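K.L.:
Let me see the structure of the following:
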Amino acid sequence: MPEILKLPPHARETILDHCLASAPEEACGLIAVHEGEVVAVYPTPNDSPSPEDSFVVPPPDHYRALTHAESRGWSLAGSYHSHPRGGAAPSDTDIAKALDPGWFYLVVGLGAAPRITGWRIRAGVATEVELG
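P.N.:
This next block holds a predicted model:
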C-alpha cells in the first residue's frame, strides 16, 4: 500500500501559484506536515547560483519556517520545487541532493498541464507518494 500525504486544495494552490509566478526559474519552498497532512506552505526565494535548473532554500527562510512550524507542534517535513521546462519527477540532481530520508519532496512539473507529485528519496532511490 503506497504512502499517502494529504495535500489540501489551499496548499496545492499556494505551491502552484508560487511556481507559476517564478517561471522560467525554479521555484522552491518548504512544507510543514501534521498527522500526514500538509498544514503550512512556506514559499521562499531560490538562492541557487543557477536558478533555472537547481534550487536552494535560503538558510534564514529555512530557519523561519522551522521556528514557525515547531511553535505550532508541526514538523517541517519537506520541500517543493518546480521544473519549469520538465516533468513532475525528481531529476538525477534532485535525487543526489536529497539529504533527509524522512522528508517529503514535492516536484511541480510546469508543462502543458501543471502537476504536483510527491516523493520519498532514500539512499538514492525515489519512491512516489500518493497525494490525497
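K.L.:
Ramachandran coordinates for Ser48?
P.N.:
phi -70, psi 140 (degrees, to the nearest 10).
K.L.:
likewise Ala69?
P.N.:
phi -60, psi -50.
K.L.:
for this protein, what spans make up the helices?
P.N.:
Remark: helices assigned in the chain by DSSP state H are 9-22, 59-71, 92-97.
K.L.:
give me every residue that touches the residue nearest to Thr127 when sequence neighbours are not counted.
P.N.:
Leaving out its chain neighbours, the residue that sits closest to Thr127 by C-beta to C-beta, 6 or more residues apart in numbering is Arg120, at 5.0 Å. Bear in mind the C-beta positions are built from the backbone N, C-alpha and C, glycine included. Neighbouring residues of Arg120 by C-beta atoms under 8 Å, 6 or more residues apart in numbering: Glu3, Pro101, Trp103, Phe104, Tyr105, Ala126, Thr127, Val129.
K.L.:
Ok, Ala21 next?
P.N.:
Ala27.
K.L.:
Can you check the pLDDT for it?
P.N.:
pLDDT, the model's per-residue confidence, is 96 for Ala21.
K.L.:
before we move on, what about Ala113?
P.N.:
pLDDT at Ala113 comes out at 89.
K.L.:
All set, thanks.
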